[in-house]
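Peer 1: Fold the stuff below for me.
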Amino acid sequence: MKKRNFGVSGAVLAMSAFVAGLAGIVSPAHAQTKVVVDPGKKYQVFEGWGTSLCWWAVKAGAWSEANRSKLLGAIADPDTGLGYTIFRYNIGGGDQPGHNHLTKGDGGANVPGYKPTEKGSYDWTADPYQRTIAIELSKRVKDPIFEAFSNSPPWWMTKSGCVSGSSDGSDNLKEDYFDDFADYLSEVALHFKKEWGITFRTVEPFNEPSAGWWKSNGGQEGCGFKNNQTKMIVELGKALQKKGLFPETSVSAADETNIGDALNQFNKYSGEALSYMFQVNTHSYSGGDNRAKLFNAAFAKDKKVWQSETGPLHKSGDENIALWMAGVILADLRDMKASAWVDWQIGDPAENWRSLALNHSKQTFSPNARYYMHAAFSRYIRPGSRIIDSDNGNTLAALTPEGALVLIVRNSGSSDVKYEFDLGEFVKIGTSAKVVRFELPGSLTKQSDIVVSGKALSMTAKSNTITTMVIEGAEGGACKPDSIIPYSKINNNEGWSTATEISLSKGDSLSIGPHPWEGGRWVWSGPKGFTSTNREIHIGKMDGTMSGYYKAVHTNASGCEGSVTFKVIVDDPAHPFVEPDTSVNDTGVTDTSVAIGLRGLAGELDASKLNANEPVQVFDMQGRFLGTSLKRIRLPGVYIVRQGVQIHRVRIQ
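Peer 2: Just a heads-up that it's a prediction; the model follows:
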C-alpha cells in the first residue's frame, strides 16, 4: 500500500536502486538471441497470481450481485479472465471517531475495524463489502489462497490515537499492546474460519513497517513497526496457536516496501519467530539488487518468498506501463524466485496502477493494457507450475502440472528480436507451440502455431510485445546438484585447505566451510550425534571422541542434493580412531525419481513413525520437491518422504 507523494530527491534515489535491480532486463537491446531452457534446473513451485482486496473491494462489494459476478469473473476466470487465485484481505484497524482523513481509494481506504473500542465488543457486521467480495471469491475460485494483512492496529492500540501513523512516522503500537494486537488479528482469523468459511493460510501483522512515512492524519492506514518485529511475530504465532489455528494459519512477514529492508529484518528474526512463519513477504517497489539475497536467506530457513505487493511507484521514462510491469514480474520470478506474485490492487483509481478501471457509481469496469499483459502470464503459468531455467532475462520458462512447457518472451524495445530456444535438455518435447501475443494499445490474441524442430524453436518477438508459447508433451530434465568445493582449516590458520582428510592434534579447533558460498540448504551429520544446518561449522577443543566422518548435504534451489564427506582424525592416544563399519553403503541419491525407480517405496507409513531426529525431504507423488518439513504440508493426501536411505509413502489427513 503506497504513499505516493515523494520528494524529487527521494524518488530519484529509489529509482536508481530499482534500475540497478532490473539491470539486464529493461534494456531494449538484446545481444543474446539463443536461449537455453534447462528443465534440470527446477526452481520454485508457483502458487499463483493475486491481488489485495483493499481498497477496491470495500467499494465494489456494494455493487449488485449481477455486476459483482461480472467483475469477479474478469479477475478469477482462468480462461477468459486473469485466473487470480490469491487474495489478501485487509483486516482494518478502524480509526477514532471524528477522524475523517482516510480518503484514498475513492474512500475505500476507510476500512472499518472489527473492534471499534477497547472496552466494547467485537462488531462482526463491520466491513461488509470487502468481506462480501472475499466470500464470493472463496466460492468461485478453485483452491484459493487467502492471506489476512494489517495496515494498522485499531486506533485505541496506537500511541497517536490515529490509524494512519504516529506524528513523526515512528513505531505506533503501544508498548504493552503487542499481545492485544495479536489477540485482535487471531480473533478475526478465527471468526472468518468458523463463521464465514475462509481459512487464512497466513496472517501478516505489518505493512511497509520500516518505511517511516506513516504519519497521523494521512489518507490511508499505516503503522511504523521498524523495531520489535520478532516480538510481534512471536505474539501473533502464540495467539494463533492458542486458538487452534496454527499451523494451518501461520504468520508471514514483513511486507517491507524495499527488498533490502525485508532481507535485513528477516535476518534479525529469532528462531522462535521463524518457527511461526510460513513465508517471507516483500514488496518489490525498490531494493531490486537484493532479490537473490532474500531468496537465498529464506530458502536456507525453509521459507517461501512471496512478492506480496508492487506497482509503478518509482517508474520513470516513457516505457509503456504494461511492458514495464512485465519486467518487474520477470525480475521477481527469475531473481527472487517468488512463489506468488500479487498486485497492489487490481482496481486502483490511478491509471498506471490498475488493470481494471472501476466505475463504482455505474457499477461497470473496463480492462486496460496492464490487464491483457497480466493475462499473458496468468492464464498460462497456473498454480502448481514449476519455474525452470532459461538463460535470458527477458524470458520466463515454466512446466505446468499437465506436462506442458510455457515460454514467455518480453520485448520492450523498438525493434523486433529473433530468438532461438534450445530445448535439447528435454527428453521429449512436442512438435508445435500454441502462441498468443500481447500488443499495445492492449490486446491478447492468438497467433499461428510455431513448429518445434530438432528440439529447437525459432520465433520473432515483435517490438513492444509479450509472446506466450505453450508446448505440450514436455518431459525430462535430470536434477542437477551444485558442485561442492571442500574447504577446511585448523586453529584459524591462514588459508583454507581443500583436502577431505584432516589430521589434527588433541585440543585443536576445526573449521569446515564448503562452497557454494551462498544459496541452498545445508544439513550436517557427524560423530557423537553432531548436527548443524549452517554452511560453515566450527568445533573447538577436539579430542579423539570427535574423530570420524562429517558429512554435509547441500540442497540447491532445484531441490537437488550434493554432498561432501570429511574424514577427521584427532591424534589422541586415549581415544584412538576406529574405522566405522562400512558394510552398509551410503545409498543417498540426488534425483528422487531415480531413487523411487531403483529402490521402490518402503510402503505407506504413519507420519508419527518417522524418526523425529533425522531430517526428511518431502515430495508429491510426481516427485516434485515440496520442502523439508511435513508440518508445512497443508493439503491432505499421500506424499513421498525420504528419510535417510528409506523412502516412504506418508498419508496426511
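
Peer 1: Surely residue 202 is within a helix?
Peer 2: No. Assessed with DSSP: H, G, I helix; E, B strand; the rest coil, residue 202 is strand; it does not lie in a helix.

Peer 1: Could I get the contacting residues of it?
Peer 2: 147, 148, 249, 250, 251, 252, 278, 279 (Cβ atoms under 8 Å, 6 or more residues apart in numbering). (C-beta placed from N, C-alpha, C; glycine too.)

Peer 1: Beta-bridge partners for it, please?
Peer 2: As for beta bridges, residue 202 partners with residue 147, residue 250 under DSSP bridges.

Peer 1: from here on, count from 4
Peer 2: Happy to do that; since the first residue is 4 now, the last one works out to residue 205.

Peer 1: Okay, it and residue 557: tell me how far apart.
Peer 2: Counting by Cβ to Cβ, to the nearest Å, the separation of residue 205 from residue 557 is 28 Å.

Peer 1: follow-up on the earlier one: can you tell me which of the contacts of residue 205 lies closest to residue 423?
Peer 2: residue 282 (36.9 Å; Cβ to Cβ).

Peer 1: isn't the closest one right up against residue 310?
Peer 2: No. Assessed by Cβ atoms under 8 Å, residue 282 is found out of contact with residue 310, at 10.9 Å.

Peer 1: And the average pLDDT for stretch 437-444 is what?
Peer 2: Averaged across stretch 437-444, the pLDDT comes to 98.

Peer 1: Can I get it as PDB, trimmed to CA atoms?
Peer 2: Taking Å, rounded to 0.1, in the frame of the first residue of the first chain, the C-alpha atoms of stretch 437-444 are listed here in PDB:
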ATOM      1  CA  LYS A 437       0.500 -22.700 -29.400                       C
ATOM      2  CA  VAL A 438       1.000 -18.900 -29.400                       C
ATOM      3  CA  VAL A 439      -0.700 -15.800 -28.000                       C
ATOM      4  CA  ARG A 440       0.700 -12.300 -28.200                       C
ATOM      5  CA  PHE A 441       0.100  -9.200 -26.100                       C
ATOM      6  CA  GLU A 442       0.300  -6.000 -28.100                       C
ATOM      7  CA  LEU A 443      -0.300  -2.300 -27.500                       C
ATOM      8  CA  PRO A 444      -2.500  -0.500 -27.000                       C
END
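
Peer 1: So what's the gap between that stretch and the chain middle?
Peer 2: 27 Å (Cα atoms, centre = their mean, to the nearest Å).

Peer 1: buried sites along it?
Peer 2: 437, 438, 439, 440, 441, 442 (16 or more other Cβ atoms under 10 Å).

Peer 1: same thing with stretch 86-106?
Peer 2: 86-99, 102, 104-105.

Peer 1: before we move on, what about stretch 496-503?
Peer 2: Neighbour-count burial for stretch 496-503 flags 499, 503 (criterion: 16+ other Cβ under 10 Å).

Peer 1: hmm, who's touching it?
Peer 2: 488, 489, 490, 491, 492, 516, 567, 568, 569, 570.

Peer 1: ok, how many other residues are close to residue 361?
Peer 2: Neighbours of residue 361 under the rule other Cβ atoms under 10 Å: 23.

Peer 1: Setting aside sequence neighbours, what's the nearest residue to it?
Peer 2: Leaving out its chain neighbours, the residue that sits closest to residue 361 by Cβ to Cβ, 6 or more residues apart in numbering is residue 350, at 4.1 Å.

Peer 1: Residue 467 too?
Peer 2: Spatial nearest neighbour of residue 467, chain neighbours left out: residue 443 (5.4 Å); criterion: Cβ to Cβ, 6+ apart.

Peer 1: just to revisit the earlier point, among the buried residues of stretch 437-444, which one sits closest to residue 114?
Peer 2: Using Cβ to Cβ, those come closest to residue 114 at residue 441, 33.4 Å.

Peer 1: picking up where we left off before, show me what contacts the residue nearest to residue 467?
Peer 2: 323, 325, 326, 372, 467, 468.

Peer 1: Which ones among the residues you listed map onto helices?
Peer 2: 325, 326, 372 (DSSP state H).

Peer 1: Verify the stated contact: the first one with residue 379.
Peer 2: So that's residue 325. No. With contact defined as Cβ under 8 Å, residue 325 does not count as touching residue 379 (9.4 Å).

Peer 1: where do the contact lists of those two overlap?
Peer 2: In contact with both residue 325 and residue 379: residue 441, using Cβ under 8 Å, 6+ apart.

Peer 1: What distance do you get for the closest residue to residue 135 other than its chain neighbours to residue 114?
Peer 2: Of all residues beyond its chain neighbours, the one nearest residue 135 is residue 64 (4.1 Å), with distances taken as Cβ to Cβ, 6+ apart. Separation of residue 64 from residue 114 (Cβ to Cβ): 11 Å.

Peer 1: Could you do residue 196 as well?
Peer 2: 20 Å.

Peer 1: Could you do residue 257 as well?
Peer 2: Where residue 114 is concerned, residue 257 sits at a distance of 20 Å (Cβ to Cβ).
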